[in-house]
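Engineer: Here is my input; please provide its structure:
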Amino acid sequence: MSSQSTLLLKKQLKELTKNPVEGFSAGLVDDDNIFEWEIVIMGPQDTLYEGGFFKATMTFPVDYPLMPPKLKFVTAMYHPNVYPSGEVCISILHPPGEDKYGYEQASERWTPVHTVETILVSVISMLSSPNDESPANIEAAKEWRENYPSFKKKVQRIARRSAEEF
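Structural biologist: Below is the predicted model:
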């Protein structure tokens, strides 16, 4: 499986290099390891994250695309769907099949048709509209719901810092 994964990832990287997608850039952390990518997500326009440059790593399992990669922000991130550790929690990055908690339908979870591009477009969408019903960061979700001005201030500070550090 690993050689098929390698070929698919090389193809996706080549496609993204040839036809960049607005809102993010992607490349390898190390040219000798196709399974670990460095991602930069530009804070989407008209969101609290606008103007920010958020670095992340995307780590692919050897059985990709049967199983999803993990996406983790390296840059500080405050968002209801991002664990305090930086790991992104969205449905399409959850393993395929039924959700044992019954929250997500199998159709919302990982399927092999997803690509790096579809994942990152979903993450950009997540930044625009958080899902606070199933939070990874409970504190951020609570603040988003109960004290939006404070949430907004924290996020804008993080976005500003990320741009200065970039």
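Engineer: residues touching residue 121, list them.
Structural biologist: Neighbouring residues of residue 121 by CB atoms under 8 Å, 6 or more residues apart in numbering: 21, 23. (Glycine included, C-beta is placed from N, CA and C.)
Engineer: model confidence over the helix or strand harbouring residue 141, on average?
Structural biologist: Taking DSSP states H and E as the definition, residue 141 sits inside helix 138-146. Here helix 138-146 scores 97 as its mean pLDDT.
Engineer: Likewise for stretch 71-78?
Structural biologist: 97.
Engineer: What lies in contact with it?
Structural biologist: Stretch 71-78 is contacted by residues 39, 52-59, 82, 85-88, 93, 119, 123, 137, 140, 151, 154-155, 158, 161-162, 165 when judged by CB under 8 Å, 6+ apart.
Engineer: May I have the distance across that stretch, first residue to last?
Structural biologist: 15 Å (CA to CA, to the nearest Å).
Engineer: How about stretch 17-30?
Structural biologist: Termini of stretch 17-30 sit 16 Å apart (CA to CA).
Engineer: Now it: buried residues?
Structural biologist: The neighbour-count check on stretch 17-30 (16 or more other CB atoms under 10 Å) flags 23-24, 26 as buried.
Engineer: who touches it?
Structural biologist: Residues contacting stretch 17-30 (CB under 8 Å, 6+ apart): 13, 16, 34, 36-42, 44, 57-58, 116-117, 120-121, 124.
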